[in-house]
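Trainee: How does the following fold in three dimensions:
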Amino acid sequence: MPVWADLTPQEQCVLFAAAESSLLYELLAEWSPDLDWDQQSPLPYIPELAAAITSLANAGLINAYLDGSDTPLPAERVAEAIADPNTWGIDYEQRHRVELTTTAAGGEVLGTASDVYSFRNR
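Mentor: Model (predicted):
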């Protein structure tokens, strides 16, 4: 099992956000908290964060839930669910909501962090 330091900054951010049961637009806010969405679009950050979500889901460290379901998406469906920019809530038109949570294994990895905000030091 990896430790916090083994994760990319994007994976660290995703795991941290998942520990707080975040929606995708909340993840974007964690990744770039000072970004004014009225001045600059967060769209360029989506591909790298989506790749991190997919990686962590495949590793069994996070779960993704679609539209308030009580059942997490199978890891192989996560990439499809987050591929639609509207699930990220950027333009306030979320057709579907994707919520991220940590698994027990993800919680163990998070527990190895000496600074859970280290991803902001990129």
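
Trainee: So which residue is dead centre in this protein?
Mentor: What sits nearest the mean C-alpha location of the chain, by Cα atoms, centre = their mean, is V14, with 3.5 Å.

Trainee: in which helix or strand would I find it?
Mentor: Assigned by DSSP states H and E, V14 belongs to helix 9-19.

Trainee: Quick check: buried residues in that helix?
Mentor: For helix 9-19, the neighbour count (16 or more other Cβ atoms under 10 Å) marks Q10, E11, Q12, C13, V14, L15, F16, A17, A18, A19 as buried. Every residue, glycine included, has its C-beta placed from N, CA and C.

Trainee: surely the residue nearest to the centre of the chain meets A51?
Mentor: No: counting by Cβ atoms under 8 Å, V14 stays clear of A51, with 9.6 Å between them.

Trainee: picking up where we left off before, now, which of the buried residues of helix 9-19 sits nearest W31?
Mentor: C13 (5.0 Å; Cβ to Cβ).

Trainee: which pair in the buried residues of helix 9-19 spans the largest distance?
Mentor: It's Q10 and A19 that sit farthest apart of those, by Cβ to Cβ, at 15.2 Å.

Trainee: one step back: skipping adjacent residues, who's closest to the residue nearest to the centre of the chain in space?
Mentor: Closest residue to V14 apart from its sequence neighbours, by Cβ to Cβ, 6 or more residues apart in numbering: A52 at 4.6 Å.

Trainee: And for F16?
Mentor: Leaving aside its sequence neighbours, F16 sits nearest to V116 (Cβ to Cβ, 6+ apart; 5.2 Å).

Trainee: where does V14 land on pLDDT?
Mentor: Note for V14: predicted pLDDT of 98.
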